[in-house]
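S.K.: Got a sequence here, can you model it:
(chains A and B)
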There are 2 protein chains.
Amino acid sequence: MKILIVGLGLMGGSYAMGLKEKGHQIYACDINNESIEYAKSNNLIVDGCDDASKYIPTMDMIIIGLYPNYIVDFLKKYNKLFKKGQLITDLCGIKTYFILEAQKYCGDAEYISHHPMAGREKSGVMYANTEMFKKANFLITPTEKNTAHAIEMMKALGLDLEFGRISVVTPEHHDAIIAYTSQLTHAIAVSLVNADTDIDSKNFVGDSYRDLTRIAKINEELWSELFFDNKDALLKKICDFERELDDIKTALINGDKELLKKKFISSTNHRKEME
Amino acid sequence: MKILIVGLGLMGGSYAMGLKEKGHQIYACDINNESIEYAKSNNLIVDGCDDASKYIPTMDMIIIGLYPNYIVDFLKKYNKLFKKGQLITDLCGIKTYFILEAQKYCGDAEYISHHPMAGREKSGVMYANTEMFKKANFLITPTEKNTAHAIEMMKALGLDLEFGRISVVTPEHHDAIIAYTSQLTHAIAVSLVNADTDIDSKNFVGDSYRDLTRIAKINEELWSELFFDNKDALLKKICDFERELDDIKTALINGDKELLKKKFISSTNHRKEME
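M.R.: Residues are numbered from 1 along each chain as shown, chains lettered A, B, ... in the order given. Down below sits the predicted model:
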């Protein structure tokens, strides 16, 4: 297939790397010329520039690796160029916020969304790697407008990139899950680090603190968008979490050791099930 | 040195392993005969049984690896056997709760406390390993009753076990730090897992959720003790953390993207400093 990657960052670059290995011809668009040059000289792409109109007409698939707020803008801009038989998708971490709008502006192509649940605390094509896909989830989030063929093509994409697990879920279910497993965890890590009032404590951390705060290094532009674009689901999960933490606080205040143990047993069992 | 380890669990066993390698003669007491037999047949200890009185009189150092609530009981029981020149210490994760009491019941020996900030989500001597000490913190928490000699002996113990960093702090400072870097992180991990209301979400987790919940598998007996024995410091840190999380909630509700970004930038900078 001829595939265009729009936005050549960490994820776009890693997609280019993985798909090129499987024999696809990869093209890329990015406003940053250095990223294009890097990808060309490292043989990740056949060609690239800052003008998508040059490539769109001949592509089989277009993968949009832009921030959520720019996806619909991109589609509106190139609306007229999209052709029947083309598949357009995105890598975005939230779905309900823009997906219906995106499907309105894909012209004669088919728009189907997916979410690769992998990432690193680095950004930029120079950190591209396919290793992070190996154990990760690849979620396909079709709406009722999507065809069975498009869903199969997305599954093939996940297989080509060697994701650990490929699933199909509704955009609504996706966003509820993501609010919990991804956005709430980032809100917690950020708050934990920001709650540090002791200049000395960084010298006395153990593995648990290191693990819980790794993702507190966060891209503020991308993540503030993701938070706002999934605001209702995230607020609900923050409240669920705070209720649980309040239970621990109450147990401590009331000297209720049995309640505390019950919470620990419950979390232990639940966490074991996950493994 | 002849060293007695009281309580041959994961930590006691790992101490035996590391100290034996450095040429010390290790003895152990445990009510579980299987643990003793395992340690003997794996050459971790010279001898062991369930009766500490058999070994105490000839020991240079006694390392107590019991739960916090049993430390003073142990000292009271063997009070009369402790001799001048002997050093008694413990591995306990909280300090102010029992340390003054412990120093009352150490007879003619000197009692000095320390905390090895290492551990695993496994318990039992069969999981003993010294690898977990390599990058970990070893905190010595003397009171004004302790001698410079005892502090030096503790430093030598940390060096023998090849801890990454050895520090001396007051018991009060230790407990304030631990409330934040260790107990709050465990309260958060437990609450995050318990806040899961979707039976399906475990199938859609990424690295961040896995990292944040690893320590939600928790020994409920030990940790409920640790929480209660450091209750005031922990409650304070839970409140500090909840205030930060509430700021994120408020930013979301008010549509205050700048505040959210400020929080992300702050956590990113703070976390980078730690590295």
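
S.K.: What's the separation between residue A:97 and residue B:256?
M.R.: For residue A:97, the distance to residue B:256 (Cβ to Cβ, to the nearest Å) stands at 18 Å. All C-beta atoms are positioned from the backbone trio N, CA, C, and that covers glycine.

S.K.: which one of the two has more residues nearby?
M.R.: residue A:97 (21 against 16; other Cβ atoms under 10 Å in any protein chain shown).

S.K.: Just give the number of residues close to the nearest residue to that one once chain neighbours are set aside.
M.R.: Nearest in space to residue A:97, with sequence neighbours left out and distances taken as Cβ to Cβ, 6 or more residues apart in numbering or on different chains, is residue A:229 at 4.0 Å. Neighbourhood size, residue A:229 [other Cβ under 10 Å]: 21.

S.K.: Wait, residue A:229 touches residue A:68, no?
M.R.: Yes - Residue A:229 is within contact range of residue A:68, at 5.4 Å (criterion: Cβ atoms under 8 Å).

S.K.: which residues are in contact with both of those two?
M.R.: A:94, A:97, A:98 (Cβ atoms under 8 Å, 6 or more residues apart in numbering or on different chains).

S.K.: Confirm that residue A:89 sits in a strand.
M.R.: Yes - counting by DSSP: H, G, I helix; E, B strand; the rest coil, residue A:89 is found in a strand.

S.K.: what's the pLDDT at it?
M.R.: Per-residue pLDDT puts residue A:89 at 98.

S.K.: my guess is it contacts residue A:112, does it?
M.R.: Yes - look at residue A:89 against residue A:112 with Cβ under 8 Å: they come within range, at 5.6 Å.

S.K.: who's more crowded, the two?
M.R.: More crowded of residue A:89 and residue A:112, by other Cβ under 10 Å: residue A:112, with 26 against 23.

S.K.: Apart from its chain neighbours, what residue comes closest to that one?
M.R.: Residue A:112 sits nearest to residue A:150 (Cβ to Cβ, 6+ apart), 4.4 Å away.

S.K.: For the residue positioned nearest the centre of chain A, which three-state class applies?
M.R.: For chain A, the residue nearest the mean C-alpha position is residue A:93 (3.6 Å; Cα atoms, centre = their mean). Secondary structure, three-state DSSP: residue A:93 is coil.

S.K.: In contact with it, which residues?
M.R.: Here residue A:93 is in contact with A:68, A:115, A:178, A:182, A:226 (Cβ under 8 Å, 6+ apart).

S.K.: just residue A:57 next, same as before
M.R.: Residues near residue A:57 by Cβ under 8 Å, 6+ apart: A:81, A:83.

S.K.: Look at it and give its secondary structure.
M.R.: Following three-state DSSP, residue A:57 is assigned to helix.

S.K.: And it, what's its pLDDT?
M.R.: pLDDT recorded at residue A:57 is 96.

S.K.: Quick one: residues contacting the nearest residue to residue A:60 once chain neighbours are set aside.
M.R.: Closest residue in space to residue A:60, ignoring its immediate chain neighbours: residue A:1 at 4.2 Å, by Cβ to Cβ, 6+ apart. Residues in contact with residue A:1 (Cβ under 8 Å, 6+ apart) are A:24, A:25, A:60, A:61.

S.K.: Tell me the predicted confidence for the residue of the stretch 51-200 of chain A found nearest chain B.
M.R.: Closest contact between the stretch 51-200 of chain A and chain B, by Cβ to the nearest Cβ, is at residue A:191 (3.7 Å). Model confidence at residue A:191, expressed as pLDDT, equals 97.

S.K.: and if you look at residue A:169?
M.R.: pLDDT recorded at residue A:169 is 95.

S.K.: Dihedrals phi and psi, it?
M.R.: Dihedral pair for residue A:169: phi -140, psi 160, per degrees, to the nearest 10.

S.K.: From residue A:78, how far out is it?
M.R.: For residue A:169, the distance to residue A:78 (Cβ to Cβ) stands at 28 Å.

S.K.: I'd like the next helix or strand past the helix or strand of chain A with the lowest mean pLDDT.
M.R.: Least confident element among the helices and strands of chain A, by mean pLDDT, DSSP states H and E: helix A:207-213 (a mean of 91). Downstream of helix A:207-213, the next assigned helix or strand under DSSP states H and E is helix A:220-229.

S.K.: Who are the contact partners of residue A:265?
M.R.: residue B:220.

S.K.: Can you classify it by secondary structure?
M.R.: Of the three states, residue A:265 takes helix under three-state DSSP.

S.K.: Report pLDDT for it.
M.R.: pLDDT for residue A:265: 97.

S.K.: can you check residue A:275 too?
M.R.: Residue A:275 is given a pLDDT of 80.

S.K.: try residue A:118
M.R.: pLDDT for residue A:118: 87.

S.K.: Apart from its chain neighbours, what residue comes closest to it?
M.R.: residue A:136 (3.8 Å).

S.K.: Looks like that neighbour contacts residue A:161 (just checking).
M.R.: No - if you go by Cβ under 8 Å, residue A:136 and residue A:161 don't touch, sitting 9.3 Å apart.

S.K.: Overlap of the contact sets of these two?
M.R.: Applying Cβ under 8 Å, 6+ apart, one finds that residue A:136 and residue A:161 are jointly contacted by residue A:116.

S.K.: which residues of chain A score low on pLDDT?
M.R.: Filtered on pLDDT under 70, chain A yields the residue ranges A:121, A:199.

S.K.: mind giving me the domain ranges of chain A?
M.R.: What automatic domain parsing lists as the domains of chain A is A:2-169, A:174-273.

S.K.: could I get stretch A:243-254 in PDB with only the CA atoms?
M.R.: Below are the C-alpha coordinates for stretch A:243-254, written out as PDB (Å, rounded to 0.1, in the frame of the first residue of the first chain):
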ATOM      1  CA  ARG A 243     -14.100   8.500  46.800                       C
ATOM      2  CA  GLU A 244     -11.800   5.500  47.100                       C
ATOM      3  CA  LEU A 245      -9.000   7.600  48.600                       C
ATOM      4  CA  ASP A 246     -11.500   9.300  51.000                       C
ATOM      5  CA  ASP A 247     -12.400   5.800  52.200                       C
ATOM      6  CA  ILE A 248      -8.800   5.200  53.200                       C
ATOM      7  CA  LYS A 249      -8.700   8.600  54.900                       C
ATOM      8  CA  THR A 250     -11.900   7.800  56.800                       C
ATOM      9  CA  ALA A 251     -10.600   4.400  57.800                       C
ATOM     10  CA  LEU A 252      -7.500   6.100  59.200                       C
ATOM     11  CA  ILE A 253      -9.400   8.800  61.000                       C
ATOM     12  CA  ASN A 254     -11.800   6.300  62.500                       C
END
